[in-house]
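# one predicted model, sequence on top.
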Amino acid sequence: RLFATSGLVLVAGAFLGLLALPVNFSYPLFAALLLLSGIGQGMFSAPNTSAIMSSVEPHQRGVASGMRSTFQNSGTALSIGVFFSLMISGLSTSLPQTLSTSLQAQGVPAATATGIAGLPPVSTLFATFLGENPTGHLLAPTGVLNTLPPDHAATLTGTLFFPNVVAGPFHHGLVTVFTAAATMAVIAAIASLLRGRHQRT
């Protein structure tokens, strides 16, 4: 109980630490938070499994092991969908306005900028993960790039424009995700602390 609950508290603390990181964070600090999360998950996993297996009759341990694995794998798959949905939701609230304003600041007509900013943020999210700048691809069908001053077109298709535009909204989405994750970890820690004390041998 002590190790399992303490592990979940460490995981929650790691998520809160990730919440506090700035957009341009120090890698050693980020690595330390990941290490803290990994230690916490390790502290939780083995004792929790032991507690589950010790709480059932010996002839039911095969069923208990199967159910534990089922719930663990289902939770892992479900969490991916939940957290990506939260991330997209966070991006949707702040990215359109930021992107539209940034495009117009480089001379893109308001109607074109608004249309591009209104596209679903899923492609923007994956472009962020891949380190790509999709601005040129998005503007190509409109022909706007050919009408802009060369310095503005170079800025829009360069390596700094898209990261600077998406940094704020992306951080906003991460705050939503990490807040939800930290809350879940705290709830799990409370459940671990209050679980039944009787164990079979």
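Nice, thanks for sending it over.

# so where's the chain shaky on pLDDT?
Filtered on pLDDT under 70, the chain yields the residue ranges 196-201.

# where do the helices sit along it?
2-20, 27-54, 61-105, 110-117, 122-130, 135-139, 150-157, 161-194 (DSSP state H).

# could I have the CA atoms of the first one written out in PDB?
Listed next in PDB are the C-alpha coordinates belonging to helix 2-20 (Å, rounded to 0.1, in the frame of the first residue of the first chain):
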ATOM      1  CA  LEU A   2       2.800   2.500   0.900                       C
ATOM      2  CA  PHE A   3       4.800   1.900  -2.200                       C
ATOM      3  CA  ALA A   4       1.700   1.800  -4.500                       C
ATOM      4  CA  THR A   5       0.200   5.000  -3.100                       C
ATOM      5  CA  SER A   6       3.500   6.800  -2.900                       C
ATOM      6  CA  GLY A   7       4.200   5.900  -6.500                       C
ATOM      7  CA  LEU A   8       1.000   7.500  -7.600                       C
ATOM      8  CA  VAL A   9       1.800  10.600  -5.600                       C
ATOM      9  CA  LEU A  10       5.100  10.800  -7.400                       C
ATOM     10  CA  VAL A  11       3.400  10.400 -10.800                       C
ATOM     11  CA  ALA A  12       0.900  13.200  -9.900                       C
ATOM     12  CA  GLY A  13       3.900  15.400  -8.800                       C
ATOM     13  CA  ALA A  14       5.600  14.700 -12.100                       C
ATOM     14  CA  PHE A  15       2.500  15.900 -14.100                       C
ATOM     15  CA  LEU A  16       2.300  19.000 -11.900                       C
ATOM     16  CA  GLY A  17       6.000  19.600 -12.700                       C
ATOM     17  CA  LEU A  18       5.300  19.300 -16.400                       C
ATOM     18  CA  LEU A  19       2.500  21.800 -16.000                       C
ATOM     19  CA  ALA A  20       5.000  24.300 -14.600                       C
END
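
# need the contact partners of that helix.
Applying Cβ atoms under 8 Å, 6 or more residues apart in numbering, the set of residues contacting helix 2-20 from outside is 30, 33-34, 36-37, 39-48, 51, 174-175, 178-179, 181-182, 185-186, 188-189, 192-193. No exception for glycine: its C-beta is placed from N, CA and C like everyone else's.

# one step back: any chance of JSON lines for the helices of the chain, columns mean neighbour count?
As requested, these are exported to JSON lines (neighbours: other Cβ atoms under 10 Å):
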{"stretch": "helix 2-20", "mean neighbour count": "19"}
{"stretch": "helix 27-54", "mean neighbour count": "15"}
{"stretch": "helix 61-105", "mean neighbour count": "14"}
{"stretch": "helix 110-117", "mean neighbour count": "16"}
{"stretch": "helix 122-130", "mean neighbour count": "15"}
{"stretch": "helix 135-139", "mean neighbour count": "19"}
{"stretch": "helix 150-157", "mean neighbour count": "15"}
{"stretch": "helix 161-194", "mean neighbour count": "18"}
